[in-house]
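Peer 1: I would like the atomic coordinates for the input below:
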Amino acid sequence: MKNKTAAIIFSLTVTVLASALSVQAEDNKRETITLTDNVGREVELECPVDTAVSALRYNNELIRACGAIDHIISVDLNTAQDREYWGMFDPEEVIGKSQKELDYEKIVELDPEVVILPANGAYEEAIENLEPFGIPVFIISGYDTADFENQVKNIGTMFGTEEQAQKFYDYFDDKLEYINKQLEGVEKRKLYIEGTSDLTTIFPGDPMYNMVEYASADNIFSVDYENVNKGEVDPEEVIARNPDVIIKLVTPAQAMSGTGLYTPPTKDEFKTAYNSIVTRAGWDEITAVKNDDIYFMTQFSHGGAGKLVGTCYIAKMLYPELLPELDPAEVFRSWMEDFQGFKNIEGHFYSGKDLHD
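Peer 2: From the prediction side, this is the model:
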C-alpha cells in the first residue's frame, strides 16, 4: 500500500514538474520587442502576446485576417453586436460600447497583456488609466489605408503569426500594385462619395479619404472644402462640382450608429437610397446622374483589409475598361472566406442599374 501511495505521489510530482517546465519553456520563447504603433509611439511588448482586448471592428478584422483572433479575449459592443460575424464574443462581457467609451474596470478585471485601440478612440485616456495597472496600450487603426503594411506586420509580430500576416499583406498589396500600374497617368474621374447619412461626405484627413485616393479618384471635396460642412453638404455645391461618379454608403437600419453588419441591407433599402439621390432637386443635371454612374457599398463591406476592399471596388467602378484583371467581387470573396473564415455573402454592392424597377 505504501509503495502504491509513493508511486502515485511520485507520478503527480513528475506531472507538476513537467507542467512547470513546459510553462517556463514557453516563457523563454518570449522576448521583449519594441513596436511602433499607428500614432508613432514606441511600445515594448512581451511577444508573442497571449491575451489582448481590442476595440473597433476594423481592428478585429485585421487581427483575424492575420490569424490571431484566438488571442483576443474581449472586444467593444460595436463589434460584438454582430452576433453572426462575431459570435465568439459575449455582448455582456465587452470592454465598452466603442473605442471612445471604454469600461476600465472591465479591462482591469480581464488583465490583458495589451489593449489595442485605434487613433480615433480614447487612447490617451486609456494610457493614463491603465498605466498604474501595468497594462500597455497599442494603437492600431484598421481604417488607415496608408498604414496598412505597418499595422499588418505589427499584428503578425505581436502575436507570432508572421507567416499568415505576410500572406494577407501580399494578397492586397498585389491588388494595389496592379491598380497603380494600370491607372498611372490616367485623367482622374471626379467622384462624390456620400456617407450613410444623406449629404455627408469626406475631406482630406478623414478615415475614408485614402481609400478613395488609392483608387485614383478625384474626390470633388479634396480641395476648396474649408467652407463646406461635411456633415451636411449643400446639394448645390455637389451640382456645381459635377461629379462623374457618385458612390453612396448604406447600412442596415438595425445596425448601431456608424457601424455595419455582416448581413447586408435589403435591396429595398438600396433602392430607397438610389431614389433619394436621383430625385434631388437639380441633380438630374449632374453627369453621374445623367449617365446613371451611381454605385452603392455597405458600411460593412468597404472597410475590409484597411479599406482596400473599398479601394478595389471604387477603382473598378471608376475605370472598368482599364482594370480588366481586377475582380472586386473575387477580392471580397477572398477577404470573407480566406481571411475572415466566413461564407461570402452577396448583397453588399450594387450599381444604380441593378436597382431599376
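
Peer 1: identify the residues contacting I135.
Peer 2: I107, V108, D111, P112, E113, V114, V115 (CB atoms under 8 Å, 6 or more residues apart in numbering). Bear in mind the C-beta positions are built from the backbone N, C-alpha and C, glycine included.

Peer 1: try it again at 6 Å.
Peer 2: Residues in contact with I135 (CB atoms under 6 Å, 6 or more residues apart in numbering) are V115.

Peer 1: next one, pLDDT for it please.
Peer 2: If you check I135, the pLDDT there is 98.

Peer 1: check for me that it belongs to a helix.
Peer 2: No: judged by DSSP: H, G, I helix; E, B strand; the rest coil, I135 forms no part of a helix; its state is coil.

Peer 1: what's it sitting at in phi/psi?
Peer 2: phi -100, psi 110 (degrees, to the nearest 10).

Peer 1: V53 versus that one, what's the distance?
Peer 2: Counting by CB to CB, to the nearest Å, the gap from I135 to V53 is 9 Å.

Peer 1: end to end, how far does stretch 186-198 reach?
Peer 2: For stretch 186-198, the first-to-last residue distance is 30 Å (CA to CA, to the nearest Å).

Peer 1: mutual contacts of I135 and V53, please.
Peer 2: V115.

Peer 1: per-domain residue ranges of this protein.
Peer 2: Per automatic domain parsing, the structural domains of the chain span 27-160, 177-355.

Peer 1: tabulate these (JSON lines), appending distance to F168.
Peer 2: Putting those into JSON lines (distance: least, CB to CB, whole Å) gives the following:
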{"stretch": "domain 27-160", "distance to F168": "5"}
{"stretch": "domain 177-355", "distance to F168": "6"}
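
Peer 1: name the SS class of the residue nearest to P264 when sequence neighbours are not counted, please.
Peer 2: Leaving out its chain neighbours, the residue that sits closest to P264 by CB to CB, 6 or more residues apart in numbering is G347, at 3.9 Å. Assigned with three-state DSSP, G347 falls in the coil class.

Peer 1: below-threshold pLDDT in this structure: ranges please.
Peer 2: In the predicted model, the chain carries pLDDT under 70 at residues 1-28.

Peer 1: swap the cut-off to 90 and go again
Peer 2: Low-confidence segments of the chain (pLDDT under 90): 1-29, 207, 252-260, 357.

Peer 1: Three-state assignment for the most centrally placed residue in it, please.
Peer 2: Centroid-nearest residue in the chain, with CA atoms, centre = their mean: Y58, separated by 2.3 Å. Three-state assignment for Y58 (three-state DSSP): helix.

Peer 1: ok, now Y192?
Peer 2: Y192 is classified as strand under three-state DSSP.

Peer 1: can you pull the contacts of it?
Peer 2: With contact set as CB under 6 Å, 6+ apart, Y192 has these partners: I220, V238, P243, I246.

Peer 1: which ones are touching the second one?
Peer 2: Contacts of V238 were listed using CB under 6 Å, 6+ apart, and they are Y192.
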